[in-house]
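Colleague: everything below, folded, please.
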Amino acid sequence: MSAARGAPAFRVVLVEPEIPNNTGNIGRTCVATGCALHLVRPLGFDTSEKACRRAGLDYWPRLDLTVHESLAAFLSPPPARMWLFTAKSPRSFFDAEYRLGDALVFGGETKGLPASLLGAHPECTVAMPMVAGERSLNVATAACAAVYEGLRQLIARGDVRLDGNGRLLPAVGP
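Modeller: As a prediction, this is how the structure comes out:
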């Protein structure tokens, strides 16, 4: 369920993130939900221990974090299953069937995901429903919504369970 108790529920992947506060919020979501965070360079900010301490990211040391030098490095080898979040997909993210370990991939705040990636994997693209005329959601909001929709599905299938206090647990075990 989490790095401390086995495999992460999901791998949240940020391709060329630009805004440190968004990445920090997504990192906190990952820690709270047992997900891993993958950052794909270039990054628009510093992730050194000193920078994280200065930003007050006290949860950052508990984060299952991997930094990839490039999108090609992240895709080598490609994840077994991934969902590419883009406003350009006709498929709702509610229609995706999430599985343990899926990669939930989000683009940078101003550019989104590269067209080459979307074009190479059209069957993996999903979008978040919005009213006509709206362009996108904040990436931290979108990532949180995606993780919790995925967890909802995992809980419904019994892949993950909740304890008596509503805390996430692996399907089997204590």
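
Colleague: pull the number of nearby residues for residue 42.
Modeller: Neighbour count for residue 42, taken as other CB atoms under 10 Å: 11. The way it works is simple: take the backbone N, C-alpha and C, and place the C-beta from them, glycine included.

Colleague: for the remainder of this discussion, apply numbering that starts at 422.
Modeller: Shifting the count to begin at 422 puts that one at residue 463.

Colleague: hang on, isn't it packed against residue 438?
Modeller: No - using CB atoms under 8 Å as the test, residue 463 is too far from residue 438 to be in contact (9.4 Å).

Colleague: by mean pLDDT, flag the weakest helix or strand of this structure.
Modeller: Across the helices and strands of the chain, mean pLDDT, DSSP states H and E gives its lowest value to helix 470-475, namely a mean of 62.

Colleague: beyond it, next helix or strand please.
Modeller: strand 485-489 (DSSP states H and E).

Colleague: so in that sheet, which strands flank that following strand, and in what orientation?
Modeller: Take DSSP bridges as the rule and strand 485-489 pairs in its sheet with strand 457-461 (parallel).
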